[in-house]
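**Q** Sequence first, then the predicted structure, then my questions.
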Amino acid sequence: MTLTTLLIYISIAAIGLTGVTYFLLDKKDNVLMSLLQNFCGALFIFSGYVKAVDPLGTAYKMEQYFAEFEATFADTAMSFLAPIFPALSNLAVGFSVFMIVLEIALGLMLILGARKKLTAWLFFLIVAFFTVLTGFTFLTGYVPSGVNFFAFGQWGEYLESNMKVTDCGCFGDFIKLEPYTSFLKDVFLLVPALLFLFYTKQMHELFTERARDYAVLGLSVVVLIYCFSNYAWDIPGQDFRPFKVGTDVAATKQAEEDAAASVQTVGYELINKASGESVELTTAEFLKVYQQYPESEWEYNPQTTEPAIEPTKISDFEVSDAEGYDQVPALLEDPGYSFVIVAYKLKGESGDWDAGYVEKWQEDIQPVVTAAQAAGHTVMAMTKFADDAYIEDFRKTIGADYPFHRGDDIMLKTIIRSNPGVVLMKDGVILNKWHHKKLPSFEEIKAEHQLAASKK
């Protein structure tokens, strides 16, 4: 689904709600304000819902922003702000759930006309905040690598590769928006936000004040429980990410690599590093005169054809063993069953591991994978890049005798929203995924997936 399609559906819903408000509920204060209330309310409810499906995804996006803000402020006169962001990053999950509940509750408050002054101010403040956030994200495209955001005089041409955070996460993984599109969306929402502030009295109110308050409170409680169910107690019930159950990772990875290999360079944009002068050449022209544009003086921006298939995180799926060899090809070609334990971060330090985290491995994970190993199935763990001694100490602490491979933590977070979580694969296909709290016994997995003892 595209943003345009989504906005059409939201508009249809808003028109329908406005019709109900105007004709059935006889609320005829101001049709335009009612339409804006219903449109913005429906948009916020939908946006909040697709994030409530995956609260950890929003938390991970917040962590990216906090890391970028820390780096941005660290080298400026406002460096005293930098230490705040790592602390906020540790609270990212809590912030994520709070913002999701608030967004959905605010959407309902707009539709019902509950607490009009409070609703108008909350909506304005949230939209203004996200306008600044998405504007910052977009503008980092003008900031070359190694240049601080506030060094405005050193900004260059816009390059998408300059951005550290390439998606605002406004609609979770359901729809990925370009930063510029996200920024324009928020600028557009500032219009109704200001209208709500200045014309609060013309906003409609449905039902009684008590009924409105109870409806908002009840929905907030439901959303809060739903959020917990999608990360604290289990993995998301709906998976909008590329590593969903049933995905043939091997075939998808090969198709994406073939599409990337077929991309052709059709020309170059050359930018003079000193003057900013820009020259565009076809590939044939460039090959004839490239010596006139030394790389020490000119920046090369290749212009390529679009790949037939848009790459996903599956293209980045690589994990290396202790010697640095990529183990993904062997995993995807394995005709047997593979139990892959994914933990994007091992909590604690060598000799001082988090006791609760170790317990998750020893009580939830180890009995299952030990039985799987005894039946001859492949077992491996994947975690973020770390030194051998660190990983070896953790292996000994939990009593694991299977290998721990290393990979990019963002890629590992994409695979499963649980730390640790277990993925069952066969022939490069994801058969199932489990939160560590919901991991069945090996016998139950064996019965569900008809696992035969491996001949390996």
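**A** Looks like it arrived, so ask away.
**Q** The nearest residue to residue 419 once chain neighbours are set aside and residue 112, how far apart?
**A** Of all residues beyond its chain neighbours, the one nearest residue 419 is residue 343 (5.2 Å), with distances taken as Cβ to Cβ, 6 or more residues apart in numbering. Every residue, glycine included, has its C-beta placed from N, CA and C. Residue 343 sits 43 Å away from residue 112, going by Cβ to Cβ, to the nearest Å.
**Q** domain ranges for the chain?
**A** Taking automatic domain parsing as the reference, the chain has its domains at 3-229, 264-304, 314-449.
**Q** For residue 253, find the nearest of those.
**A** Smallest distance to residue 253 across these (Cβ to Cβ): 5.0 Å, for domain 314-449.
**Q** start to end distance for the closest one?
**A** The first residue of domain 314-449 is 24 Å away from its last residue (Cα to Cα, to the nearest Å).
**Q** can you give me the mean pLDDT across it?
**A** Here domain 314-449 scores 95 as its mean pLDDT.
**Q** Okay, strands next: where are they in this structure?
**A** 265-272, 278-282, 298-304, 337-343, 348-349, 352-353, 378-384, 404-407, 421-426, 429-435 (DSSP state E).
**Q** and the closest residue to residue 446 other than its chain neighbours, how many neighbours?
**A** Excluding the flanking residues, the one nearest residue 446 by Cβ to Cβ, 6+ apart is residue 375, at 7.6 Å. Neighbourhood size, residue 375 [other Cβ atoms under 10 Å]: 14.
**Q** heads up, I number from 20, so please use that
**A** Done: numbering now begins at 20, and the last item shifts to residue 394.
**Q** and the residue nearest to residue 438, bridged to which residues?
**A** With DSSP bridges as the criterion, residue 362 is bridged to residue 402.
**Q** List the contacts of it.
**A** Counting by Cβ atoms under 8 Å, 6 or more residues apart in numbering, residue 362 makes contact with 400-402, 431, 438-440.
**Q** Show me which of these is closest to residue 174.
**A** Proximity of those to residue 174 was ranked by Cβ to Cβ; the top entry is residue 431 with 33.6 Å.
**Q** remind me, longest helix of this protein?
**A** Secondary structure of the chain per DSSP state H: the longest helix is helix 135-158.
**Q** Give the buried residues for that one.
**A** For helix 135-158, the neighbour count (16 or more other Cβ atoms under 10 Å) marks 135, 138-139, 141-143, 145-146, 149-150, 152-158 as buried.
**Q** Contacts made by that helix with the rest, please.
**A** Outside helix 135-158, the residues touching it (Cβ under 8 Å, 6+ apart) are 59, 84, 121-122, 125, 128-129, 132, 168, 182, 184-185, 187, 189, 198-199, 201-202, 204-206, 208-209, 211-213, 215-216, 219-220, 222, 224.
**Q** on that earlier part again, in terms of contact, does the residue nearest to residue 465 touch residue 462 like I think?
**A** No: here residue 394 lies out of contact with residue 462, judged by Cβ atoms under 8 Å, at a distance of 10.2 Å.
**Q** that older thread, can you redo the contacts of residue 362 as TSV with neighbour count and distance to residue 386?
**A** Output for those, formatted as TSV (neighbours: other Cβ atoms under 10 Å; distance: Cβ to Cβ, whole Å):
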residue	neighbour count	distance to residue 386
400	26	15
401	25	20
402	23	20
431	23	23
438	20	19
439	24	13
440	24	16
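**Q** Could you single out the nearest of those residues to residue 425?
**A** residue 402 (6.5 Å).
**Q** that older thread, would you report which members of the contacts of helix 135-158 are assigned to helices?
**A** Using DSSP H, the contacts of helix 135-158 in helices are 59, 84, 121-122, 125, 128-129, 198-199, 201-202, 204-206, 208-209, 211-213, 215-216.
**Q** Would you write a ChimeraX line that selects the buried entries of these?
**A** Selecting the buried subset of those in ChimeraX, with 16+ other Cβ under 10 Å as the burial test, is done by:
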select :59,84,121,122,125,128,129,198,199,201,202,204,205,208,211,212,215
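**Q** mind checking which of the domains of the chain is nearest residue 263?
**A** Across those, closest to residue 263 is domain 333-468 (Cβ to Cβ), at 7.1 Å.
**Q** Pull the contacting residues for residue 41.
**A** Taking Cβ under 8 Å, 6+ apart, one finds 47, 50, 53 in contact with residue 41.
**Q** before we move on, the earlier item: who wins for proximity to residue 336 among the strands of the chain?
**A** That would be strand 423-426 among the strands of the chain, by Cβ to Cβ, at 7.9 Å.
**Q** pLDDT score for the most centrally placed residue in the chain?
**A** Centroid-nearest residue in the chain, with Cα atoms, centre = their mean: residue 76, separated by 4.4 Å. Looking at residue 76, its pLDDT is 92.
**Q** Equivalent analysis for residue 171, please.
**A** Reported pLDDT for residue 171: 89.
**Q** repeat for residue 20
**A** For residue 20, the pLDDT comes out at 75.
**Q** Then the one 10 residues further on?
**A** Residue 30 carries a pLDDT value of 96.
**Q** How many residues are close by residue 395?
**A** By other Cβ under 10 Å, neighbour count at residue 395 equals 14.
**Q** Distance check, it against residue 355.
**A** Taken as Cβ to Cβ, the span from residue 395 to residue 355 is 8 Å.
**Q** Equivalent analysis for residue 466, please.
**A** In terms of Cβ to Cβ, residue 466 sits 18 Å off from residue 355.
**Q** The two - which one has more neighbours?
**A** residue 355 (15 against 11).
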